[in-house]
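Trainee: what's the 3D shape of this:
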Amino acid sequence: MHPAAYDPLDPVVRQDPYPYYARLRREAPVYQVPGVGLWAISRHEDVLAVLRSPERFSSAAMADAVRRPVDLAPEGDRAGAPGVGAAAIIGSDPPAHTRLRSIVSRVFTPRRIAALELRVRDIARQLLARFIPRGECDLVAEYTVPLPVAVIAELLGIDPERQTDFKRWSDAAMRAVFDSPEPEEAEAIGQSLGEMNSYYDEVIAARRSHPSDDLIGTLLRAESVDGALTADEVKIFTFTLLVAGNVTTTHLIANAVLALLEHPAELEKVQRTPALIQSMVEEALRYDSPVQFLLRTATADIELAGVTIPRGAVVAPLVASANRDERTFPNADRFEVTRNPRDQLAFGHGIHICLGAALARLEARVAFEELLPRIRNPIRTTEDLNWTNVLTLRGPTALRLGFETTEERSACPSRATGILDNETLVRRFIESWSHLDAAELAAYFTEDGTYHNVPVAPVTGRANIEAMIRAVIASWSETRWEIVTLLSAGNVVVAERIDRTRAGERSVELPIVGVFELEEGKIRAWRDYFDLGTYTQAMT
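Mentor: Numbering: from 1, shown residues only. Modelled structure (predicted):
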């Protein structure tokens, strides 16, 4: 295989690009793809150098790509589209990028992302309930697509009933940005993008009339109050968030499932030890990256790996190839769930590292924590796979599975054999309170564990703890606990949270600090510090 065989437009390459990447890394780490107009960069150190140097490798090529959907939209819809001069965060360079990043990062704070976990878990459970009893599914259509679409729709505060439209619009936008569709397809894509533009005009107008705390409302405040975003920039970022916020996560989860199916010993490890799920997600990002490459523009004649890239050339840092570079990752072509690769570049690097990376990781982790305990012996029920036709992305368009069902509900210590790390265990315990199941909650404690609601007397012993929890929650109709901060040192975890609890017509929002002492995957002692008078006054 000659390096010239690498052509990202070739369906054979798209089916399995990794042998081609390996040849590029060995023989042509900086390679001009014939007839495509791209300079492909394949080694980890060189891809990293490109992503770290926005002054040498501009995002102008991404800006040009982001503008393409406007050219495909019907003429009647172009008037409302963002103007040529409007900046997109993925297609801008400093200082414009610095300004945009500082503003839009407000909508991706760690606290906001962490607070989403319970809702992401609820959505995952609702989706799983529809197909798990059948013992078979198309995992893409029934799980990996609707999960991130529903989450991003809620974040944006837009109608979840339009999820089918969101998916169609997202696919159309990605196809328009990164490919050159034929005229017939281009017309259909243009119609979809026109619909998306009109819909967002309506949503943004509604938010201006009735301000909200969702992400669109937050961005609009940055426009009207701070004067920091233009109206076009608000629309562009909303478009970007809708598209990037669901398509890449869809492919991440589906690619991870494929990797587990192809490596049954690794699947067994994760199912036996749920604490490995987070590491497995990182390894899936490395092993089969949902985003295969990015686009940059050389700002001068630049020498890289002994090759001169001319000024103005479009450069494609192949992040998927970098993630398989054996110089950085030993046994790079093996999928190892314990690897936990910190140097993987699936979310980019430097000033353009993906804003939604934490959200994607959260969604993928929760997706597997809810899926894996419910199934046994999953197999693919169709031999052939069709891959997305978007040039820069990789993921199957369908993934039909058959499996045996289990009684497992989630990857918590009471229902799984693996021992979770301390922070994960505390998060699961806090999340489990929403189930209002005293037996499940008591199972998190050691046999001689202690539960102490300071300043009332502590309760010791798992059976006593279960009885006490059962009495406490007897009148509760609903409870949702939001983690504000979580800190750990050794076997101690401190969790600051807000408890939102309802009992009939009464409700309370109670700030609480919990201190947990852990021992071999169980709670040895839990002490909650809060204002008992506030709780009593609200709930009695």
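Trainee: burial of L156, as a residue count?
Mentor: Neighbour count of L156, defined by other CB atoms under 10 Å: 22. Where you see a C-beta, it was placed from the backbone N, CA and C, and this is true even at glycine.
Trainee: quick one: it from R327, how far?
Mentor: As for L156, its distance to R327 is 41 Å (criterion: CB to CB, to the nearest Å).
Trainee: And S209, by the same measure?
Mentor: Here S209 is placed at a distance of 56 Å from R327 (CB to CB).
Trainee: now swap in T238 and tell me
Mentor: T238 is 40 Å from R327, where distance means CB to CB.
Trainee: More neighbours: the two, which one.
Mentor: Between T238 and R327, counted using other CB under 10 Å, the more crowded position is T238 (20 against 11).
Trainee: ok, now which ones touch that one?
Mentor: T238 sits next to 156, 200, 204, 215-216, 219 when contact means CB atoms under 8 Å, 6 or more residues apart in numbering.
Trainee: Among those, name the buried ones.
Mentor: Neighbour counting with 16 or more other CB atoms under 10 Å marks 156, 200, 204, 215-216, 219 as buried within these.
Trainee: So which of those is the closest to N491?
Mentor: Comparing the buried ones among the contacts of T238 against N491 with CB to CB places L215 closest, at 37.5 Å.
Trainee: Secondary structure class of the closest residue to the closest one other than its chain neighbours, three-state.
Mentor: Nearest non-adjacent residue to L215, counting by CB to CB, 6 or more residues apart in numbering: V107, 4.6 Å away. Three-state call for V107 (DSSP: H, G, I helix; E, B strand; the rest coil): helix.
Trainee: My read is that V107 contacts G217, right?
Mentor: No: using CB atoms under 8 Å, V107 is not in contact with G217, being 9.6 Å away.
Trainee: I'd like the mean pLDDT over the helix or strand containing L127, please.
Mentor: For L127, the host element (DSSP states H and E) is helix 117-131. Helix 117-131 carries an average pLDDT of 92.
Trainee: got the contact list for it?
Mentor: 137, 142-143, 146-147, 150-151, 154, 362-363, 366-367, 369-371, 374, 410, 427, 431, 434, 480-483.
Trainee: of V107 and G217, who's got more company?
Mentor: The residue with more neighbours, out of V107 and G217, is V107; 21 against 18, by other CB under 10 Å.
Trainee: Pull up the per-residue confidence for that one.
Mentor: So V107 comes in at 72 (pLDDT).
Trainee: Residue nearest the middle of the protein, spatially speaking?
Mentor: A360 (0.8 Å; CA atoms, centre = their mean).
Trainee: Leaving out the residues flanking it, which one is nearest to I90?
Mentor: The nearest residue in space to I90 (CB to CB, 6+ apart) is M62, at 5.3 Å.
Trainee: ok, and for the longest strand belonging to the chain, which residues are buried?
Mentor: The longest strand of the chain (DSSP state E) is strand 506-519. Residues of strand 506-519 classed as buried by neighbour count (16+ other CB under 10 Å): 508, 510, 512, 514, 516-518.
Trainee: List the pairing partners of that strand within its sheet, with orientation.
Mentor: Applying DSSP bridges, strand 506-519 is found paired with strand 492-503 (antiparallel), strand 522-529 (antiparallel).
Trainee: So, low pLDDT: which residues of the chain?
Mentor: Low-confidence segments of the chain, defined by pLDDT under 70: 1-4, 66-87, 160, 175-182, 184, 222-228, 407-420.
Trainee: Tell me which residue lies farthest from the centre of it.
Mentor: Distance-from-mean max, the chain, by CA atoms, centre = their mean: A457 at 42.5 Å.
Trainee: So among the contacts of helix 117-131, which ones count as buried?
Mentor: Among the contacts of helix 117-131, those classed as buried by 16+ other CB under 10 Å are 137, 142-143, 146-147, 150-151, 154, 362-363, 366-367, 369-371, 374, 410, 427, 431, 480-483.
Trainee: end to end, how far does stretch 484-493 reach?
Mentor: Distance between the boundary residues of stretch 484-493 (CA to CA, to the nearest Å) amounts to 13 Å.
Trainee: Pull the distance from stretch 323-336 to the chain's centre.
Mentor: Centroid separation for stretch 323-336 versus its chain: 23 Å, with CA atoms, centre = their mean, to the nearest Å.
Trainee: buried stuff in it?
Mentor: 323-325, 328-329, 332, 335-336.
Trainee: And the contacts of it?
Mentor: With contacts defined as CB under 8 Å, 6+ apart, stretch 323-336 is touched by 18, 21-22, 25, 42-45, 259-260, 262-263, 266, 283-287, 289, 322, 339, 341, 343-346.
Trainee: Repeat the analysis, applying 6 Å as the threshold.
Mentor: With contacts defined as CB atoms under 6 Å, 6 or more residues apart in numbering, stretch 323-336 is touched by 18, 43-44, 259, 263, 266, 286-287, 289, 343-345.
Trainee: Extract the C-alpha set from that stretch and format it as CSV.
Mentor: As requested, the backbone C-alpha atoms of stretch 323-336 are provided in CSV (Å, rounded to 0.1, in the frame of the first residue of the first chain):
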residue,chain,number,x,y,z
ASN,A,323,-4.4,8.4,18.7
ARG,A,324,-3.0,5.2,17.2
ASP,A,325,0.6,6.4,17.1
GLU,A,326,2.7,3.6,18.6
ARG,A,327,5.3,6.1,19.6
THR,A,328,2.9,7.6,22.1
PHE,A,329,0.6,4.6,22.9
PRO,A,330,2.2,1.2,23.2
ASN,A,331,0.2,-1.6,21.5
ALA,A,332,-1.8,1.2,19.9
ASP,A,333,-4.0,-1.1,17.8
ARG,A,334,-5.2,-2.9,20.9
PHE,A,335,-8.3,-1.8,22.8
GLU,A,336,-7.5,-1.9,26.5
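Trainee: Please list all residues in contact with Y18.
Mentor: If you count contacts by CB under 6 Å, 6+ apart, Y18 has them with R324.
Trainee: What sits closest to A188 if chain neighbours are left out?
Mentor: A172 (7.6 Å).
Trainee: So the one you found: helix, strand or coil?
Mentor: Judged by three-state DSSP, the three-state class of A172 is helix.
Trainee: I'd like the distance between it and D159.
Mentor: 18 Å.
Trainee: So for those two, which sits in the more crowded spot?
Mentor: Using other CB under 10 Å, the more surrounded residue of A172 and D159 is A172, with 26 against 12.
Trainee: Surely that one touches I189?
Mentor: Yes: A172 is within contact range of I189, at 4.4 Å (criterion: CB atoms under 6 Å).
Trainee: Partner strands of whichever helix or strand comes after the helix holding L127, with direction?
Mentor: Downstream of helix 117-131, the first helix or strand assigned by DSSP H and E is strand 136-138. Applying DSSP bridges, strand 136-138 is found paired with strand 400-405 (antiparallel).
Trainee: Mind listing residues that contact stretch 427-447?
Mentor: Residues outside stretch 427-447 that contact it (CB under 6 Å, 6+ apart): 118, 412-414, 462, 465-466, 469-470, 473, 479-481, 519, 522-524.
Trainee: and it, how far apart are its ends?
Mentor: Stretch 427-447 has an end-to-end distance of 20 Å (CA to CA).
Trainee: what do you get for stretch 54-62?
Mentor: Taking CA to CA, the first and last residues of stretch 54-62 lie 12 Å apart.
Trainee: Can you tell me how far L118 is from I430?
Mentor: Counting by CB to CB, the gap from L118 to I430 is 9 Å.
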